[in-house]
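Novice: I'd like to go over a predicted model; first the sequence, then the structure.
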2 protein chains.
Amino acid sequence: MKRNTWQREAVREALDTSGGFISAQGLHSALHAGGSPIGLATVYRALSDLADQGEADSLQSPDGESLYRACSTTGHHHHLICRNCGLTVEIGADEVEAWAKRVAGEHGFTEAAHVVDVFGLCASCSARDIP
Amino acid sequence: MKRNTWQREAVREALDTSGGFISAQGLHSALHAGGSPIGLATVYRALSDLADQGEADSLQSPDGESLYRACSTTGHHHHLICRNCGLTVEIGADEVEAWAKRVAGEHGFTEAAHVVDVFGLCASCSARDIP
DNA sequence: ATGGTTTTGACAATCATTATCAATAGCGGC
DNA sequence: GCCGCTATTGATAATGATTGTCAAAACCAT
């Protein structure tokens, strides 16, 4: 049976609040900064549970960290992420789904999963012009 | 100044031989199995050099390891990878390039880069078992 | 409130990767 | 070919994220 604990709620809420993608360690720091005595291991567990249940998305930062984010869209989708400020836009991508499935099929591959993420500079960061 | 050492050659050759994506640790094991006394740290350095020079592609496996591969196509391309045996097919993806650029533009993003990789089971691995 | 279980959290363990640094080995100049 | 300078190597320590351990605490149906 699955139980409801304030720790899980805290993680869920912190995720919602953060807005963009954040690491487990980062979330733990944020929670501690907010006065919560939650343990690091618990944050990892909660995040991985949320990800399993589809309540959170996860992806790997370019340097190998796992990042998490509360996703509003419940179905399968991808992300457009500002590499400067972290602003994230959820994007549906039927086009890409179809393409991935077709390409996999053409080469005899089955059980195709895919990783599709777009990184760029959002409008305001572009305007401000980053080096 | 950059020097040519048999170690770097060994890594380059092992990469060519391997065919698919392989981890630094895996390459090191393979080299040792072949009798080479090359050091692990050296393999890491050589791989990261090759990746910098564009002689190798690198990507992160779903579980966070960095994988490397000698890429035959010099230009921009993506990969279709067997998650069981590592067989890799290089795929051009004009469709996806166009899509990524368009989606980024629609949201005011600039300097869009993208990560697009498809993981699946290749024909022979599909035919053989796998639960 | 009670009991049976799940969950927590401090800490150890693991795993990939990077840094350290003395010893080694390319390479240009002789 | 031989010297010397310096980049490179490699054994090992260090790092940093993540996972495992397990007794104590918390949850929930009764």
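Specialist: Received it, and whenever you're ready, just let me know what you need.
Novice: and chain A, which residues reach DNA strand D?
Specialist: A:1, A:3-6, A:23-25, A:40-41, A:44, A:48, A:65-66 (C-beta under 7 Å from any atom of the strand). Where C-beta positions appear, they are placed from N, C-alpha and C, glycine not excepted.
Novice: Tell me which ones among the residues you listed also neighbour DNA strand C, please.
Specialist: Okay, of those touching DNA strand C (C-beta under 7 Å from any atom of the strand), that's A:1, A:3, A:5, A:40, A:41.
Novice: now the second one: how far from residue A:49?
Specialist: Counting by C-beta to C-beta, to the nearest Å, the separation of residue A:3 from residue A:49 is 11 Å.
Novice: which one of the two has more residues nearby?
Specialist: Remark: of residue A:3 and residue A:49, residue A:49 carries more neighbours, 15 against 5, as counted by other C-beta atoms under 10 Å in any protein chain shown.
Novice: burial count for the nearest residue to the more buried one once chain neighbours are set aside?
Specialist: Distances taken as C-beta to C-beta, 6 or more residues apart in numbering or on different chains put residue A:8 closest to residue A:49, at 7.4 Å, once the chain neighbours are dropped. By other C-beta under 10 Å, the residues close to residue A:8 number 19.
Novice: Hmm, residue A:8 is touching residue A:48, no?
Specialist: No. When contacts are counted by C-beta atoms under 8 Å, residue A:8 is not listed as touching residue A:48 (11.6 Å).
Novice: shaky segments in chain A?
Specialist: A:129-131 (pLDDT under 70).
Novice: Go ahead and name everything in contact with the longest strand anywhere in chain A.
Specialist: Taking DSSP state E as the criterion, chain A has its longest strand at strand A:110-121. Under the contact criterion C-beta atoms under 8 Å, 6 or more residues apart in numbering or on different chains, strand A:110-121 has outside partners A:59, A:78-84, A:91, A:93, A:96, A:100-101, A:104-105, A:130, B:62, B:96, B:100, B:103-104, B:109-121, B:126.
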